[in-house]
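>>> Here is my input, please return the structure:
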Amino acid sequence: MTTKMFGEPVQRVEDQRFLRGQGHYADDLLVGQQVLQAAVLRSPHAHARIVDIDVSEVLDVEGVHLVWTYDDLTGPMAPTMGEPLPLLIPHPQLTHGRTQYALAKDEVNYVGEAIAFVVADDRYLAEDAVGRIRVTYDFLPPVVGIPAARAAEHLVHDDVPGNVAARLEQANGDARAAIAAAPHTLSLDLEVERSASTPLEGRGTVARWDPDTARLTVWTSTQTSTGVRAAVAAKLGMDLGQVEVVTPDVGGGFGVKINHPWPEELLVPLAARTLRRPVKFIEDRREHFVSAAHERGQVHHVEVGYDDDGRVLGLDVQFWHDNGAYTPYGIVLPIITSTQLLGPYKPGAYRVVFESLYTNTVMCTPYRGAGRPQGCFVMERTMDAIAAALGKDRLEVRSANFIQPDEFPYDHGLIFQDGRQLEYDSGDYPASLAKLRELIGWDEFPAFREEMAREGRRVGIGLACYVEGTGVGPYEGAHVHIETSGKVKIATGLTTQGQGHATAFAQIAADALGVPFESVEVVTGDTRRMPYAVGTFASRAAVMSGSAIHLAALRAREKVLRIAAEALEAAEDDLEIVDGVISVKGTPGGTASIDLGTVAVLSNPLRYAFDEASKAATQFTVGDPGKPPVAEDDEPGLEGKDFYSPDRSTFANGMHAVIVETDPDTAEITILKYAVVHDCGRLINPMIVEGQILGGIAQGVGGALYERMAYDESGQLVNASFMDFLMPYVTEIPAHIDIDHLETPSPLNPLGIKGAGEAGVIPSAAVFASAISDAEGFAITAMPISPSELFGLRRTHASAEPVETKERS
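Below you'll find the model as predicted:
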């Protein structure tokens, strides 16, 4: 029998190529083809009017082919290039959405905003030419940080009152009344600072124009090739069929590359078409810091009412989200925060209201976790505060608030980021917590703490629970083609940035078709192979494309069995496919069998024979003279194509726990033990899932303890290099992480799966805040936290109570 591949820890097939240096990234393309190089002049100021741009010193420089400012984009060569870039996700409450221009028009609103675009023989010459451009500015007061945006003494955009891009309120029940009537209440003020994804490879775009066919090919390091294709066609005034976008190997995305189109993704193709030469733009590291997207910055105020058991009776949350200077991705991030904040809990009543605010800083779009880490931090800090106020175990308080297994599907009465109901599909939170309790050694920790105290060491334990909406729509598709060699070619439109798609998707197809895993080849992110797709984000690839591949493979399998049944003179129900051979059940490999390649030959009636195999499909060899060679309801070839479009998102969940040591003298934070219990439904490949979790934890450690984007009051990013932007080394990441899985299948898709891509990073700020608070004896209310900040907090909180509660008589 063919070995079932689904659920097996198959080694990733793509890794050998990467490990041997055989990857092909944007900068590796069209080498030796006299590709022109682009560079961008970016604003050195956070807020200023552009009085004049003088490019005269560049025009006559030998080797410079093109210099553009905004005024050059308003002519007939691209009629809509002079308009603002798309607002990708409109929302009724985004009443003052603003997006930037491909090149700044009249005003710059953050350090790094593109002003001029130069194309030259090489990057060195292009950079030198950029340095010759002179811009005269009229400086405006910058708005930096949420407090300044809320105060609104100055405006980022003159036509946006109060710097408020959007205000949204959702509620389920009367939270304020529930809090007022609760026997206990408390309030919290919490903050998560701005950070960014900083992938190994920054943004990069290459374009080539074919004047003979009037077609444009674009290669770009993106998370949505079809989205970029649509934007390029629209902005350049071309038919969609004239543009093809191919995503090469991508050196990390983490969300920053789902935003599209970046200015360079339009300017490079336009320059290639204008100059009739290939053009390339590769972002350098400083550019990525100051002109790619950031995320995370939010400030929250929480009011909660609860009973003697710690059960939440009413929860009221107000928060402010820093969306930076523009809102190309709408208000998806704060919507996710406001809804995913609830985690695995069921408060008696819930109200949340947020304002999304403009600041003169880089715009904020999704970064791995995408609003969930902030929500998880707020909810878990609230749970810990309730436990502290009541003197109860933190696990006990969480257990009192869990949604129970028999309550699924569970509708929270809110609208999620996809415009659908926030309805959880499946889960077993008490079982996950029981696993985590054992995995981290929760009950044994008090003895360990005493042992460490005798040695003069300070330790703490923390946990955090989360729920992650995954597999958001609207759809993904797949095309399955079985070749006459018996090989299976799979194409799906979303892109790959290291998730192991070539392996996991092949496992799904191999099982559905009954073929060897080695016979399956997967292509992603190529609009020539799959022109309809959405993209890779929100932990959706396995759910969306995995389900589409399964459905498409089943369509191909149906045709295989139909053709084989006719050839073998057997009933379709009596056949099976094992290792790519179709035979009567119980007689695998016997005389009554036919291989998949032969079926592929028979599926395509031929007039001409090209080899021995194709002779079997020619007109004097096969077919019924009384019937057309291709039936009315059929088509040539052995293919299957299908799309998966869900009713709503699936909801994965997990729980993390950590034991940390905080140095009594230096306040340095050391991780002693880390444990994870994760539930993403059925596991396609446990090894890949664990890799995703481990990578997420490493990223989460950075976000909780090291990484932040630090702006000064003038809007300058003061740590825009890897010398100043702190990241954890391997020495700061736990050498061993204990991972256990729970599998509660989703009823929403044919494979019972949920997403896993962002799971590792979501609870990091919350779990470290919990553990550090436990070690120090006071509440941590802002993240990330550095040793110097912890040292200062020790002084501030030396005599303070960890949580202020307001008891009612």
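>>> For the closest residue to residue 202 other than its chain neighbours, list the residues it contacts.
Across the structure, with C-beta to C-beta, 6 or more residues apart in numbering as the measure, the residue nearest residue 202 apart from its sequence neighbours is residue 283 (3.7 Å). C-beta coordinates here come from the backbone N, C-alpha and C atoms, glycine included. By C-beta atoms under 8 Å, 6 or more residues apart in numbering, the contact list for residue 283 reads 202, 203, 204, 264, 291, 292.
>>> beta partners of the third one?
Pointing back at residue 204 there. residue 282 (DSSP bridges).
>>> re earlier: could you dump the contacts of residue 283 into a markdown table and include pLDDT, neighbour count and distance to residue 750?
Below are the contacts of residue 283 laid out as a markdown table (pLDDT from 0 to 100; neighbours: other C-beta atoms under 10 Å; distance: C-beta to C-beta, whole Å):
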| residue | pLDDT | neighbour count | distance to residue 750 |
| --- | --- | --- | --- |
| 202 | 96 | 23 | 38 |
| 203 | 97 | 23 | 36 |
| 204 | 98 | 25 | 36 |
| 264 | 98 | 26 | 39 |
| 291 | 96 | 23 | 42 |
| 292 | 95 | 22 | 37 |
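>>> Residue 644: which of those residues is nearest?
If you rank these by distance to residue 644 using C-beta to C-beta, residue 203 comes first, at 29.4 Å.
>>> All the helices of the stretch 501-650 of the chain, residue numbers only.
Assigned by DSSP state H, counting those that start in this stretch, the stretch 501-650 of the chain shows helices spanning 501-513, 541, 547-568, 596-602.
>>> Revised request: answer the last question for the stretch 301-450 of the chain.
Using DSSP H, counting those that start in this stretch, helices in the stretch 301-450 of the chain cover 332-340, 372-390, 394-401, 429-440, 445-454.
>>> To residue 746, which of those lies closest?
Ranking these by proximity to residue 746 (C-beta to C-beta) places helix 429-440 first, at 15.4 Å.
>>> tell me the pLDDT at the residue nearest in space to the middle of the chain?
The centroid of the chain falls nearest to residue 537 when counting by C-alpha atoms, centre = their mean (3.5 Å). At residue 537 the predicted local confidence, pLDDT, stands at 95.
>>> For it, list the residues it contacts.
223, 224, 255, 258, 366, 370.
>>> Isn't residue 527 up against residue 493?
Yes: checked against C-beta atoms under 8 Å, the pair residue 527 and residue 493 is within contact range at 7.2 Å.
>>> Please identify every residue contacting each of these two.
For the pair residue 527 and residue 493, residues contacting each of them under the criterion C-beta under 8 Å, 6+ apart are 225, 226, 533.
>>> and of those residues, the nearest to residue 718?
For the shared contacts of residue 527 and residue 493, the closest approach to residue 718 (C-beta to C-beta) belongs to residue 225, at 35.3 Å.
>>> That closest one and residue 424: what is the separation?
The gap separating residue 225 from residue 424 is 32 Å, by C-beta to C-beta, to the nearest Å.
>>> low pLDDT regions in the stretch 451-600 of the chain?
The stretch 451-600 of the chain contains residues with pLDDT under 70 at 588-591.
>>> Could you do the chain as well?
Residues of the chain meeting the criterion pLDDT under 70: 1-3, 588-591, 799-809.
>>> per-domain residue ranges of it.
Using automatic domain parsing, the domain ranges for the chain come out as 16-23+35-140+203-282, 298-417+424-471+647-799, 476-644.
>>> Mind putting the ones you listed into JSON lines with distance to residue 177?
Listed next are these as JSON lines, based on distance: least, C-beta to C-beta, whole Å:
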{"stretch": "domain 16-23+35-140+203-282", "distance to residue 177": "24"}
{"stretch": "domain 298-417+424-471+647-799", "distance to residue 177": "7"}
{"stretch": "domain 476-644", "distance to residue 177": "34"}
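>>> what's the closest of those to residue 195?
Across these (criterion: C-beta to C-beta), the nearest stretch is domain 298-417+424-471+647-799, sitting at 5.0 Å.
>>> what distance separates the closest one from the centre of its chain?
Distance, stretch centre to chain centre, for domain 298-417+424-471+647-799: 17 Å (C-alpha atoms, centre = their mean, to the nearest Å).
>>> ranges for the helices of the stretch 151-300 of the chain?
175-181, 225-235, 263-275, 285-291.
>>> quick one: buried residues of the host helix or strand of residue 138?
According to DSSP states H and E, residue 138 maps onto strand 134-139. Within strand 134-139, the residues that qualify as buried are 135, 137, counting by 16 or more other C-beta atoms under 10 Å.
>>> Kindly report the same for stretch 118-129.
118, 119, 120, 123, 125, 126, 127, 128, 129.
>>> first vs last residue of that stretch, how far apart are they?
According to C-alpha to C-alpha, to the nearest Å, stretch 118-129 extends 7 Å from its N-terminal end residue to its C-terminal end residue.
>>> picking that back up, ok, of the contacts of residue 283, which one's closest to residue 582?
Top of the list for closeness to residue 582, among those and by C-beta to C-beta, is residue 204 at 45.1 Å.
>>> So that closest one is in contact with residue 27, correct?
Yes: using C-beta under 8 Å, residue 204 is in contact with residue 27, at 5.9 Å.
>>> what touches both of those two?
When C-beta under 8 Å, 6+ apart defines a contact, the residues bordering residue 204 and residue 27 alike are 280, 282.
>>> wait, what's in contact with the residue lying closest to residue 577 once chain neighbours are set aside?
Closest residue to residue 577 apart from its sequence neighbours, by C-beta to C-beta, 6+ apart: residue 514 at 3.2 Å. Residue 514 makes contact with 2, 557, 576, 577, 578, 579, 580, according to C-beta under 8 Å, 6+ apart.
>>> now, the most widely separated pair of the residues you listed?
Of all pairs drawn from the contacts of residue 514, the one with the largest separation by C-beta to C-beta is 557 and 579; the distance is 14.3 Å.
>>> and these two? which has more neighbours close in?
Neighbour totals were compared for residue 557 and residue 579, and residue 557 leads with 21 against 16 (other C-beta atoms under 10 Å).
>>> I'd like the distance between that one and residue 447.
On the measure of C-beta to C-beta, residue 557 and residue 447 end up 57 Å apart.
>>> same check, this time on residue 602
The spacing between residue 602 and residue 447, counted by C-beta to C-beta, is 71 Å.
>>> Could you do residue 89 as well?
Following C-beta to C-beta, the distance that separates residue 89 from residue 447 is 51 Å.
>>> Which one of those two is surrounded by more residues?
It is residue 89, of residue 89 and residue 447, that has more neighbours when counted by other C-beta under 10 Å, with 16 against 10.
>>> Specify the beta-bridge partners of residue 315.
Judged by DSSP bridges, the bridge partners of residue 315 are residue 304, residue 350.
>>> Paired strands for the strand holding residue 138, with orientation please.
Strand 134-139 has its sheet partners listed here by DSSP bridges as strand 48-54 (antiparallel).
>>> any idea which helix or strand comes after the strand it pairs with?
The helix or strand immediately downstream of strand 48-54 is helix 56-59, counting by DSSP H and E.
>>> which secondary structure elements does the helix or strand just after that following helix contact?
For helix 56-59, the succeeding helix or strand toward the C-terminus, using DSSP H and E, is strand 64-68. Counting by 3 or more C-beta pairs under 8 Å, 6 or more residues apart in numbering; DSSP states H and E, the packing neighbours recorded for strand 64-68 are helix 56-59, strand 114-120, helix 123-132, helix 263-275.
>>> Kindly present these as a markdown table, with separate columns for distance to residue 325.
Conversion of the helices and strands packed on strand 64-68 to a markdown table gives the following (distance: least, C-beta to C-beta, whole Å):
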| stretch | distance to residue 325 |
| --- | --- |
| helix 56-59 | 27 |
| strand 114-120 | 12 |
| helix 123-132 | 21 |
| helix 263-275 | 14 |
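>>> Which one, of these, ends up nearest to residue 178?
helix 263-275 (48.1 Å).
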